[in-house]
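> everything below, folded, please.
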Amino acid sequence: MPDSPRVSTSPIIHTEENNKEDAFISVPENKSTPDPYLVSFDEDDPANPKNWSFAKKWYLTLAAGLLVLNATFSSSAPSSLVPTLMHEFGVSREVGTLTVSLFVCGYCVGPLLWGPLSEQYGRRPIFIISFFLYMCFQIGCALSQNIASVLILRFLGGTFAAAPLANSGALISDIWDAKGRGTALAIFTVAPFAGPAIGPVAGVCWLLIVFTIPETYTPVLLAKKAKEVRKHTGDEKYYAAMDLQNFTLAQRVESILARPFKVLVTEPMLIAITLYMSFVYGCIYLLFEAYPVVFTKGHNLNAGVSGLMFLPLPIGGFIAVVTYILFFNPSYERKVQECAPNPVPPEFRLRIAMVAAPSFAISFFWFAWTSFPSISIWAPMTSGALLGWSICFIFLALFNYIIDAYLALAASALAANTVVRSLFGAGFPLFATQMYDRLGPEWASTLLGCIALIMMPIPFVLTKYGPILRRKSKYAPSAPPPSSSLA
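Here you go, the predicted model:
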């Protein structure tokens, strides 16, 4: 007779870590005796994603990064083709630029669906469906015969390409504990702005999802395990926490659409982080319009050589990853041991943002006052390395902070963050060329540097006041789990 499925018959002890993971799921009321029918993972259960092998976790991390990198490449790919589109379809530069902006506008819609849906039905089915449709829209866009079709398909493509942006970070939080997540996210964080340096591989990525990426979301895995236990034992009393969710279709739709904004508008921490990340993200897309002004117009480089000016950005990101792995992550691991058995406060993640925030502002001043045609192109070009380094550290610190602070709602919190970031990413290219033409590259970049200086205190303020804000939060780790408020 085959072994019986492993079912936890011990009390479910809600430690801080457990609360974060099960916060939005209704759980049975506390009873004086353990519930022998509540299915959970055993301590070394191989079905638990956090117990998977080191190699498997790293493969999934790199695969998640590849999905994000593919989507971000597709967002910016047409930027070099704007002159061709203007000639082919007889449209203005602003309409041509919409091929980038509308794709990023899709990022404003997609995360509202993909993040919460992945918390209802799991990561894997959302990845498969959304990426397949994204691939179809990419093909349709390539075959379009008029600008209207191109713009519509670009928007739809961006909507479905947004799934990795909302869910890949959540996937990483599913499989890594807090100690290992920092290094994993260090590799993953390079993807959003390294994308422009590679070619699109949408079809390959979809096959990779279908054949190699398993389900990682713990509540969904436990629901499947409970179903298997019921089938194996013939006893319908066994259940998982997610089985207690009996929502109508209207309630599910409201939960899916409203959840990211419920978290965002009630959390000052998330509002501040999202504002800062959105400005940084918008600046990345703004550079796609600013670099041609500086290097193509100012230095008379052709489009191909001008595109090479972006290479220092991913190089700076790579240096940031190496720096984090060699210097910052070991100190975090020591902090884990120091704080054990309690988790490390999320504010510890912000140290690298406190280093990177001033560097981000400095990089724009550097770029601004070396943009004169009389100065060697190497001066403004190399400023991109510091820019890429600081962007990677800012994103890495704030992504980790969001996940540590809102682990149960990581996908929804990241979805809300992605929506606002995408609004900035879609809007910045629309005024970038005009701003750089009217103010000149020097003063336009100086303006961005000044705004970066204004936002620079955000990680410093959160480091000091974050614990107080988390204690007052409904959804942060130190708060009791809101089992019904996000139903």
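> pull out the buried positions in stretch 321-328.
321, 323-324, 328 (16 or more other CB atoms under 10 Å). Heads up, the C-betas are built off the backbone N, CA and C, glycines and all.
> what about it, how long is it end to end?
Using CA to CA, to the nearest Å, one end of stretch 321-328 lies 10 Å from the other.
> check residue 381 and give its pLDDT.
At residue 381, the model reports a pLDDT of 93.
> check the gap between it and residue 308 for me.
Residue 381 is 9 Å from residue 308, where distance means CB to CB, to the nearest Å.
> so which of the two has more stuff around it?
Taking neighbours as other CB atoms under 10 Å, residue 381 and residue 308 compare with residue 381 leading, 20 against 12.
> now the strands: where do they sit in the stretch 1-150 of the chain?
Read by DSSP state E, counting those that start in this stretch, the stretch 1-150 of the chain holds no strands at all.
> isn't residue 229 right up against residue 238?
Yes - using CB atoms under 8 Å, residue 229 is in contact with residue 238, at 4.5 Å.
> rebuild the buried residues of stretch 321-328 as JSON lines, extending it with secondary structure, distance to residue 412 and pLDDT.
Formatted as JSON lines, those follow (DSSP: H, G, I helix; E, B strand; the rest coil; distance: CB to CB, whole Å; pLDDT from 0 to 100):
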{"residue": "321", "secondary structure": "helix", "distance to residue 412": "27", "pLDDT": "88"}
{"residue": "323", "secondary structure": "helix", "distance to residue 412": "31", "pLDDT": "91"}
{"residue": "324", "secondary structure": "helix", "distance to residue 412": "26", "pLDDT": "90"}
{"residue": "328", "secondary structure": "helix", "distance to residue 412": "27", "pLDDT": "88"}
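> model confidence for residue 408, exactly?
66.
> swap that for residue 478, please
We have a pLDDT of 56 for residue 478.
> ok, the residue sitting nearest the centre point of the chain to residue 64 distance?
Nearest to the mean C-alpha position of the chain, counting by CA atoms, centre = their mean, stands residue 165 at 4.5 Å. Counting by CB to CB, the separation of residue 165 from residue 64 is 11 Å.
> if I look at residue 183, how far off is residue 318?
14 Å.
> I figured residue 343 hits residue 181, correct?
No - with contacts counted by CB under 8 Å, residue 343 stays clear of residue 181, the gap being 11.4 Å.
> show me which of these two is the more surrounded one.
Using other CB under 10 Å, the more surrounded residue of residue 343 and residue 181 is residue 181, with 24 against 20.
> need the CA coordinates for the helix or strand that one falls within. PDB is fine.
Here residue 181 sits within helix 178-188, counting by DSSP states H and E. Provided in PDB are the C-alpha atoms of helix 178-188 (Å, rounded to 0.1, in the frame of the first residue of the first chain):
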ATOM      1  CA  ALA A 178      14.700  36.200   3.700                       C
ATOM      2  CA  LYS A 179      18.400  35.200   4.000                       C
ATOM      3  CA  GLY A 180      18.800  34.000   0.400                       C
ATOM      4  CA  ARG A 181      16.400  36.400  -1.300                       C
ATOM      5  CA  GLY A 182      18.800  39.400  -1.300                       C
ATOM      6  CA  THR A 183      21.300  37.700  -3.600                       C
ATOM      7  CA  ALA A 184      18.500  36.300  -5.800                       C
ATOM      8  CA  LEU A 185      16.900  39.700  -6.200                       C
ATOM      9  CA  ALA A 186      20.300  41.200  -6.900                       C
ATOM     10  CA  ILE A 187      20.600  39.200 -10.100                       C
ATOM     11  CA  PHE A 188      16.900  39.700 -10.900                       C
END
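> give me the contacts around that helix.
The contact list for helix 178-188 (CB atoms under 8 Å, 6 or more residues apart in numbering) reads 57-58, 61-62, 64-65, 68, 168-169, 172-173, 176, 320-321, 324-325, 328-329, 332-333, 336, 343-344, 349, 392, 396, 399-400, 403-404.
> ok, of these, which come out buried?
Buried, going by 16+ other CB under 10 Å: 57-58, 61, 64-65, 68, 168-169, 172-173, 176, 320-321, 324, 328-329, 332, 336, 343-344, 349, 392, 396, 399-400, 403-404, out of the contacts of helix 178-188.
> out of these, list just those in helices.
Using DSSP state H, 57-58, 61, 64-65, 68, 168-169, 172-173, 320-321, 329, 332, 336, 392, 396, 399-400, 403-404 are the members of the buried ones among the contacts of helix 178-188 that sit in helices.
> now do the contacts for residue 81.
96, 99 are the contacts of residue 81 under CB under 8 Å, 6+ apart.
> need the phi and psi values for the closest residue in space to residue 398 that isn't next to it in sequence.
Spatial nearest neighbour of residue 398, chain neighbours left out: residue 273 (5.0 Å); criterion: CB to CB, 6 or more residues apart in numbering. Main-chain torsions, residue 273, degrees, to the nearest 10: phi -60, psi -40.
> ok, now which ones touch residue 273?
Residue 273 makes contacts with 398, 401-402, 417, 458, 462, as judged by CB under 8 Å, 6+ apart.
> how near is it to residue 301?
Residue 273 sits 37 Å away from residue 301, going by CB to CB.
> one more: residue 370?
15 Å.
> for this structure, which spans come out with low pLDDT?
Within the chain, the stretches with pLDDT under 70 are 1-34, 79-80, 191-202, 249, 253, 255-256, 408, 411, 477-487.
> my read: residue 75 touches residue 155, true?
No - Residue 75 is beyond contact range of residue 155, at 11.4 Å (criterion: CB under 8 Å).
> intersection of neighbour lists for these two?
Here residue 75 and residue 155 have residue 103 as joint contacts, going by CB under 8 Å, 6+ apart.
> okay, these two: which has more neighbours?
Taking other CB under 10 Å, residue 75 and residue 155 do not tie; residue 75 has more neighbours (31 against 21).
> contacting residues for the more buried one?
100, 103-104, 107, 158, 161, 195, 285, 425 are the contacts of residue 75 under CB under 8 Å, 6+ apart.
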